[in-house]
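Trainee: quick one, structure for this:
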Amino acid sequence: MQAQQAGITLEWDLESAQRADSILSALRYFRATREQMDLTAYAAGCYLGEAMVRTMECEWIRAGEVGFPLAAPDRPIISFVGRDHFSNPIGKAFKRLWDGPSDNIVVMMEPRDKAVFERLHQTTEES
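Mentor: Modelled structure (predicted):
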């Protein structure tokens, strides 16, 4: 991953999510190809999702298993164990890449209260 090439250590925590977000931010200013940008965004989203699995009682599932409307049925998403909430960290990483800092990926790992949590991680009924 680009993080290793840049000498960045990722350790599945909030600070590492901030580093991954910085990598996505930096891509906007380099002459990366579309393929390089897509691969990096996908890798950052997978990293974010795995960090969530390791730190937030989540698990990977396929979007089609729960009818998640914001991802193709075969795409991996995050399910919060014991809750009817789902999240699309890979989609969020792509949004960060293309939409800029307003779609910072770090917020997915630091929900401050129930309202923020519910806004960031949708239920299947909210389509």
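Trainee: drop to CA atoms for contacts and neighbour counts, all remaining ones
Mentor: OK.
Trainee: under the pLDDT cut-off, which ranges of the chain? List them.
Mentor: Filtered on pLDDT under 70, the chain yields the residue ranges 1-8, 111-127.
Trainee: select the longest helix from it.
Mentor: helix 34-55 (DSSP state H).
Trainee: and Ser79, how far from Trp60?
Mentor: Applying CA to CA, to the nearest Å, the value for Ser79 to Trp60 is 6 Å.
Trainee: next one: Leu14
Mentor: From Leu14 to Trp60 the distance is 19 Å (CA to CA).
Trainee: over to Ser87?
Mentor: In terms of CA to CA, Ser87 sits 10 Å off from Trp60.
Trainee: related to what we said a few turns ago, run the chain-centre distance for the longest helix of the chain.
Mentor: 6 Å (CA atoms, centre = their mean, to the nearest Å).
Trainee: what comes up buried for it?
Mentor: Residues 37, 40-53 are the ones in helix 34-55 that count as buried (16 or more other CA atoms under 10 Å).
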